[in-house]
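*Asks:* Below: sequence and its predicted model.
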Amino acid sequence: MPLVLTFHGMGSSSLGQIDLTGFDKLAEREGFILIAPNSTIIDSDGTITSTAQSGYDGEIDMNSKHWNAGYPSIAVEHNIDDVGYISALIDKFVAEHDADPKRVYATGMSSGGAFALKLAIELSDKIAAVGCMASRVGVLLSESTPKEPIKVVSIVGTDDPAVQSPALLSTEDTTAYWLSHYELTDVEPVVKELPQTAVGDNTKIIRYEYSSMKTTGQYVFYEVEGGGHGWLGGPQYLPEETIGIVSQHVCGTELLWSEFKNVSKP
């Protein structure tokens, strides 16, 4: 069976990510294995613990709950080996739960999305495709070379206040990173505007696909004009003045699965 990993954002958890995305329902319907792992919690005194099973936990500093995702963080300071963690999880599910090693996919939201992009660089020998929501490549990875070219899907809102951080490459530099490493710099993208299906939602989603017969690497970029820091089709989990508008024109979970499901490693 295909295997999908989905990673929570900073301050959230596995259950928070499932609540946000509804990936569990899609897994049952489509017949794939879903793993929503928890990141490590690192307390202010440096103590490393497992994460609480909750969405957002007010008892825990949000900055203590996120992935070693390729930008400066407490997880980087303590050298948390999240790539090794996910590599071991993949091996376990292939060996013990009949996961197909040719159809392993990774997704994530915010910090989890940045981590998914890190896996596209450092664990692409085990992963067929990666999709991130509301994030970009971390600055610590700007000089890294991907192990193998795979399919990368990136979804970013133009009005997302949270991804303006200097810890992440700009949207333009993230695109340039993948086009350069995948030998797609001279490729004109195939552009498609998605239907605006939600009444009263003024956001607009445009898909840019960069691919070539000369490489197995493919970069797909969804620009959400007017979109904020959210999961497409998901809840407006914080006020618009805090995270911007969560576009409702498409279900991001189903969108990512449609990008993944026909992709297989050789």
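*Replies:* Yes, it's here. Not measured: the values here are computed from a predicted model.

*Asks:* What residues are bridge-paired with the closest residue to Trp178 other than its chain neighbours?
*Replies:* Leaving aside its sequence neighbours, Trp178 sits nearest to Tyr219 (C-beta to C-beta, 6 or more residues apart in numbering; 4.2 Å). C-betas here are computed from N, CA, C, even on glycine. As for beta bridges, Tyr219 partners with Val152, Tyr210 under DSSP bridges.

*Asks:* 85 is where my numbering starts, stick with that
*Replies:* Yep, numbering from 85; the last one is Tyr303 now.

*Asks:* Show me where the stretch 185-334 of the chain has its strands.
*Replies:* 188-193, 213-217, 235-241, 274-277, 288-294, 302-309 (DSSP state E, counting those that start in this stretch).

*Asks:* Now render these as a markdown table, adding distance to Ala251 and mean pLDDT.
*Replies:* Converted to a markdown table, the strands of the stretch 185-334 of the chain look like this (distance: least, C-beta to C-beta, whole Å; pLDDT from 0 to 100):
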| stretch | distance to Ala251 | mean pLDDT |
| --- | --- | --- |
| strand 188-193 | 15 | 97 |
| strand 213-217 | 15 | 97 |
| strand 235-241 | 15 | 97 |
| strand 274-277 | 29 | 98 |
| strand 288-294 | 24 | 98 |
| strand 302-309 | 20 | 98 |
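
*Asks:* Let me have the ones you listed in CSV, extended by distance to Glu256.
*Replies:* Shown next, in CSV, are the strands of the stretch 185-334 of the chain (distance: least, C-beta to C-beta, whole Å):
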stretch, distance to Glu256
strand 188-193, 21
strand 213-217, 16
strand 235-241, 11
strand 274-277, 16
strand 288-294, 12
strand 302-309, 10
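
*Asks:* Out of those, which is closest to Thr259?
*Replies:* Across the strands of the stretch 185-334 of the chain, Thr259 has its closest neighbour in strand 302-309 (6.0 Å, C-beta to C-beta).

*Asks:* Verify the stated contact: Tyr169 with Pro121.
*Replies:* Yes: contact criterion C-beta atoms under 8 Å: Tyr169 and Pro121 qualify, at 7.3 Å.

*Asks:* Comparing the two, which shows the higher neighbour count?
*Replies:* Pro121 (19 against 15; other C-beta atoms under 10 Å).

*Asks:* Hmm, Ala172 and that one touching each other?
*Replies:* No: using C-beta under 8 Å, Pro121 makes no contact with Ala172, being 10.7 Å away.
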